[in-house]
Every structure is written in C-alpha cells, then in structure tokens.
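>>> What shape does this take:
(one chain, ligands or ions: 3)
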Amino acid sequence: MVIVGAQWGDEGKGKITDLLSHSADLVVRYQGGVNAGHTVVVGERTFKLHLIPSGILYPKTRCVIATGTVIDPEVLIQELDCLEKLGVAAHNLFISQTAHVTMPYHRLIDLAEEDRRGKYRLGTTGRGIGPTYADKASRTGIRVLDLMDPVGLTEKLNWIIPYKNVLLEKIYGLAPLDPSPVIDRYLAYAERLRSHVCDAGVLLEEAICNRENILFEGAQGTLLDLDHGTYPYVTSSNPVAGGACVGAGVGPTMIDRVIGVAKAYTTRVGEGPFPTELTDAIGQHLGTKGAEFGTTTGRARRCGWFDAVIGRYAVRTNGLDCLAVTKLDVLDELAEIKVCVAYRLGDQVLKSFPSDSRILAQCEPIYETLPGWQSCTCDCQQLSDLPAAALAYLQFLARQMATPIAIVSLGAERGQTIIVEDPIHGPKRALLTDAFDHPLCP
Ligand code: GDP
Ligand code: IMO
Ligand code: MG
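Numbering: from 1, shown residues only. Ligands and ions are numbered 1, 2, ... in the order given. Sure, this is the predicted structure:
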C-alpha cells in the first residue's frame, strides 16, 4: 500500500504511517530527502523524522530508504542519534546503495539560488533538495555506493568540487569549497552508515515473494509533485503514488492500494498559489490550534479551508482507494466551516484542478458552508461518538471526492484515531458498488 499526501505536504503522513506500520513488515520511503518532516507522537515521546521511515518505532518492522530518495548523511546520522537517545534501535534500517547523496555544495547552491531569485523565490526548505536531484538528472550525482568507496569518492569529488566551485564563486559570489575536508567528512559518514547500506531491490523482491505487507511512505504531497504539482512551486521529486514504483524499483502490479492523507483543512509552506488561504483570524486560529509550524524549518504554515477541487485532483492523480482525514479536532471551536467545491475563473466555473498554476493563482474559491460542532472531538473513539455536524462534515468531504474515508484522526497521539475501515484489508475503491454499505462512503 502507498501512503501519499493529498495536499501540499504536512498532512499527517507520519502519524498515519506509524499507525499502519503496526501490521507492516516493511516501510519504504520512496522519494524526497531531509526536506520532509514527519512527526510521530507516542505517549510522552515525540519523534521528528526526516529521512527514516515512520515505521522505525516498531522493532520488527524493517525500514528502507529507497533509491528515489536523496540522502543527507549528516542529518541522517543526527536522526539515528536522536532515535538512539529516545531508546529506539535502528538495526532494521536499510539504505539503498543507489540513492543519491546531498553534498555541502547542494545546500549552498539551494540557498544562493533562492537569494538570486528574489521575488521569484520558491520558498524551498534550503536543504539542497533541488540541486541534488538536478545533479542526479545531469548525471553528476554522488550515490551511496560512491560514498562507500573511498578511492572512487576521492577521485569523483576531486573533479566535481572544483567544477562546483566555478558556480559558487563566479555565479553566486561565494567562497570555494576545499575538497579535502569534505572528502574526509563524507568518508567518516560512510563508515557510520555502512552497515545499513544494501541492494534495496533485492530486499523488496524477497519481501514481495514472501507476501509480506509493504507500506510505501510518501513525503511531501500531490500538489508539491514535480510533474503534477503547482510548478514551479514544487519539490524536485515525485511524491504521487506512481513515484513509489519508480523510487522503490517495484512494478505497478506490486501496488495493491493507495491511501491519501488529507487534513480537514489545508496548509502550505513556501511560496505559490493557494486559493483557499485565509489571512484572517480564522487562518490564525487554524495555525495556532493546529500548531502549524514546519517540522523541518520551523516556518509558519499558511492555513486555509479544505479544498475539494484539490482533493478530487489527488484522487485522480494517485488513484486513491480511500482517505485518512487528519486534524479534524482543529476545527472543533468553529461556528461554521467552509469547503471549496469549485473555482471561479472570470465567468467560468471550474470543477477540476487547472494544471497551469498561473491560472490557479487567478481562481477564486466557491464555498459551501457547513455548520460547526463546537465541542471537543479529541476523545472520540468511533464514528458514533462524533457530534452530528462533524460526521456530516466528513460525509460531505467523502461525497465531494467520491472516495471513502477509512481513517479519521483527532489528535497527534496513536489512540486519537477512528479506524472506520481497515485500509489495508478493506475493499478496494474500484470494487465499490452503489450498494456498498460504508458509513463514510459517498
Ligand atoms: P507529515 O509531514 O505529513 O508527516 O505531517 P507533519 O508531521 O509535518 O505535520 C502534522 C502535524 O500534526 C504533526 O505535528 C502531528 O503530530 C500533528 N497531527 C497529526 N495528526 C493530527 C491530528 O489529527 N490532530 C492534531 N491536532 N494534530 C495532528
Ligand atoms: P513533508 O514530507 C511541506 C515545500 C517547501 C517549498 C517546496 C520546495 O513533511 O510533508 P524543497 O526544499 O523541497 O526544494 O522545497 O516544497 N516542501 C514541503 N512542504 N511539507 C514537506 O514535507 C515539504 N517538503 C518540501 O516548503 O515550498
Ligand atoms: Mg511534514
């Protein structure tokens, strides 16, 4: 099963992945790098994961950082150290030897490029993600297997760093990097990570042959997808469900289902169009109550109403079987709640998502207003515990997206969750009929 962000990231994928990892044999991160920040709360302990899959808290679950990711070894080692301090062993972590490595010049170029763009900046996380993927595509990247080969790495970095120095000095006006300390530092990282490095394709093949339960954990979200998101305000990888096949190296026939994670409202970090953005007191309330600050950069997330046009686009682009709706509790105090059901563009009404983000920037949301419930939902354990207006809100979302809601999340803790239907073993959406009896089915 693929777990994918249905909005602009930070939907609560970490919480949902952790929850579903309970019955997973393998959890695989298939794209992105340390731009991701997935928070998992277990009792008193809060885990902030950037590269390590959110299945790591289960000692029997193996976790794979697959080929489609980009790995910043310094941050990965910090993450391993943090986990160790919190009492979590990471012997079950496997790193694909063909994943690409984020180098110091990638970070420098990411930051310098944002500076140069001025008002055209993208609002990246500054973690070197774009430049690492750019080097991968232009075939000047360093892979994990290069890192594991001291002679080869030294040779490669001795020609790549001088080449990058031309850019750093001549284009960006920065100081050049001295290859030698960089090589020493990365060789030390290599020794720390060596025991985790493997041929991830073989590992996955064995798991598939043994009919193991594999979860593919997406980072970022559908609208941040390089090809299908709000380009150019996107990340440099493919978070959409199809990206799991490419990133992990498994065929599409190996993916049995896809769950989309969406907040009960919308957030976005960084620049780019956001039709339902609220810059008023309600937007502030969502930000405060939802603690909407980036896990990776600490930046305040922009907040707005749920956008069902985006929701339908996520259903289409990912082939979603079902949804996990998170942070419903954040809406608890509101007297009324709006949902964008279509966009107005001049005298046209758009019901589907415009693939040109310049058009999206001109779209005005058309809202339907639903009554709020103004009571606390955070202790609800089943649908029947929810206030009627909260249930009606969820049913409205499911109908708008023509997709059943399998999970409702009402707090950061594992226990603050209503499992409406087992998303792993429940029926596939493609098999649903009109007669299908589902409490949160359209
Ligand atoms: P991810 O990047 O998709 O994994 O999401 P993040 O972890 O960056 O952001 C989601 C934040 O919301 C985290 O701090 C979670 O602990 C928290 N969270 C997840 N689900 C819920 C929920 O249902 N209610 C509330 N209030 N917080 C939640
Ligand atoms: P998770 O996995 C939210 C955004 C950045 C910026 C754009 C490009 O926690 O959901 P990048 O550094 O990737 O080149 O930045 O993408 N972005 C995210 N927004 N959640 C994320 O990850 C994000 N990762 C990148 O803010 O707008
Ligand atoms: Mg996040």
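>>> thinking Val28 is in contact with Pro53, fair?
Yes: counting by Cβ atoms under 8 Å, Pro53 is a contact partner of Val28 at 6.6 Å. Yep, even glycine has a C-beta here, placed from its N, CA and C like the rest.
>>> Where does the stretch 1-150 of the chain get nearest to ligand 2, which residue?
Gly9 (2.6 Å; Cβ to the nearest ligand atom).
>>> residues in contact with that residue?
Gly9 makes contacts with Ala36, Ala219, Gln220, Gly221, Leu224, Pro239, Arg268, Val269, as judged by Cβ atoms under 8 Å, 6 or more residues apart in numbering.
>>> same check, this time on Thr295
Counting by Cβ under 8 Å, 6+ apart, Thr295 touches Asp10, Gly37, His38, Thr39, Lys48, His50.
>>> For Val40, see how far away the residue of the stretch 201-350 of the chain found nearest ligand 3 is.
In the stretch 201-350 of the chain, the residue that lies nearest ligand 3 is Thr295 (4.7 Å; Cβ to the ion). Distance from Thr295 to Val40, counting by Cβ to Cβ, to the nearest Å: 10 Å.
>>> is it true that Leu345 touches Gln362?
Yes: using Cβ under 8 Å, Leu345 is in contact with Gln362, at 6.1 Å.
>>> Next, show the common contact partners of these two.
Overlap between the contact sets of Leu345 and Gln362, as judged by Cβ under 8 Å, 6+ apart, is nil.
>>> what about the helices in the stretch 201-350 of the chain?
If DSSP state H, counting those that start in this stretch is used as the criterion, the helices of the stretch 201-350 of the chain fall at 242-248, 281-289, 308-318.
>>> mind saving the C-alpha coords of the shortest one as CSV?
Meaning helix 242-248. What follows is helix 242-248, C-alpha atoms only, in CSV (Å, rounded to 0.1, in the frame of the first residue of the first chain):
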residue,chain,number,x,y,z
GLY,A,242,3.2,6.3,-9.1
GLY,A,243,6.5,7.7,-7.7
ALA,A,244,6.6,4.7,-5.3
CYS,A,245,7.2,2.3,-8.3
VAL,A,246,10.0,4.4,-9.7
GLY,A,247,11.5,5.3,-6.4
ALA,A,248,11.4,1.9,-4.9
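>>> Does it reach ligand 2?
No: using Cβ under 6 Å from any ligand atom, helix 242-248 stays clear of ligand 2, coming no nearer than 12.6 Å.
>>> and that helix, what does it pack onto?
Under the contact criterion of 3 or more Cβ pairs under 8 Å, 6 or more residues apart in numbering; DSSP states H and E, helix 242-248 touches no helix or strand at all.
>>> Mind listing what's buried along the strand ranked longest in the chain?
Taking DSSP state E as the criterion, the chain has its longest strand at strand 336-345. Across strand 336-345, burial judged by 16 or more other Cβ atoms under 10 Å covers Ile337, Lys338, Val339, Cys340, Val341, Ala342, Tyr343.
>>> Up against ligand 2, what does the stretch 1-150 of the chain have?
Contact residues, the stretch 1-150 of the chain versus ligand 2 (Cβ under 6 Å from any ligand atom): 5, 8-10, 35-38, 122-125, 127, 129-130.
>>> Now intersect those with the strands, please.
With strands identified by DSSP E, the entries of these that belong to them are Gly5, His38.
>>> out of the residues of the stretch 1-150 of the chain next to ligand 2, which touch ligand 3?
When Cβ under 5 Å from the ion is applied, the members of those adjacent to ligand 3 are Asp10, Gly37.
>>> Check the residues of the stretch 1-150 of the chain next to ligand 2 and tell me the two furthest apart.
His38 and Leu122 (21.4 Å; Cβ to Cβ).
>>> Between these two, which is the more surrounded one?
Ranked by neighbour count (other Cβ atoms under 10 Å), His38 and Leu122 place His38 first, with 26 against 17.
>>> Quick check: what element follows the lengthiest helix in the chain along the chain?
Using DSSP state H to define each element, the chain has its longest helix at helix 150-166. Remark: after helix 150-166, the chain's next helix or strand is helix 179-193, criterion DSSP states H and E.
>>> for that following helix, packing partners?
Against helix 179-193 (3+ Cβ pairs under 8 Å, 6+ apart) you get helix 73-85, helix 144-147, helix 150-166.
>>> one more time with 10 Å, if that's ok
Judged by 3 or more Cβ pairs under 10 Å, 6 or more residues apart in numbering; DSSP states H and E, the packing partners of helix 179-193 are helix 73-85, strand 100-101, helix 104-117, helix 144-147, helix 150-166.
>>> Tell me what angle it forms with helix 73-85.
Inter-element angle recorded for helix 179-193 and helix 73-85: 30 degrees (by axes from the mean of the first three to the mean of the last three Cα atoms, to 10 degrees).
>>> returning to what we had before: what touches both of Val28 and Pro53?
Residues touching both Val28 and Pro53 by Cβ atoms under 10 Å, 6 or more residues apart in numbering: Arg62, Cys63, Val64, Ile65, Ala66, Thr69, Phe94, Leu215, Phe216, Glu217.
>>> residues in contact with the closest residue to Ala300 other than its chain neighbours?
Counting by Cβ to Cβ, 6 or more residues apart in numbering, Phe293 is the residue found nearest to Ala300 once chain neighbours are left out, at 5.8 Å. Contacts for Phe293 (Cβ under 10 Å, 6+ apart) come out as Asp10, Gly37, Val269, Gly287, Arg299, Ala300, Arg301.
>>> Dump the helices of the stretch 201-350 of the chain into a markdown table; add distance to ligand 1, mean neighbour count and mean pLDDT as well.
Converted to a markdown table, these look like this (distance: least, Cβ to the nearest ligand atom, whole Å; neighbours: other Cβ atoms under 10 Å; pLDDT from 0 to 100):
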| stretch | distance to ligand 1 | mean neighbour count | mean pLDDT |
| --- | --- | --- | --- |
| helix 242-248 | 15 | 23 | 98 |
| helix 281-289 | 7 | 16 | 97 |
| helix 308-318 | 13 | 24 | 97 |
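>>> Cheers, nothing more for now.
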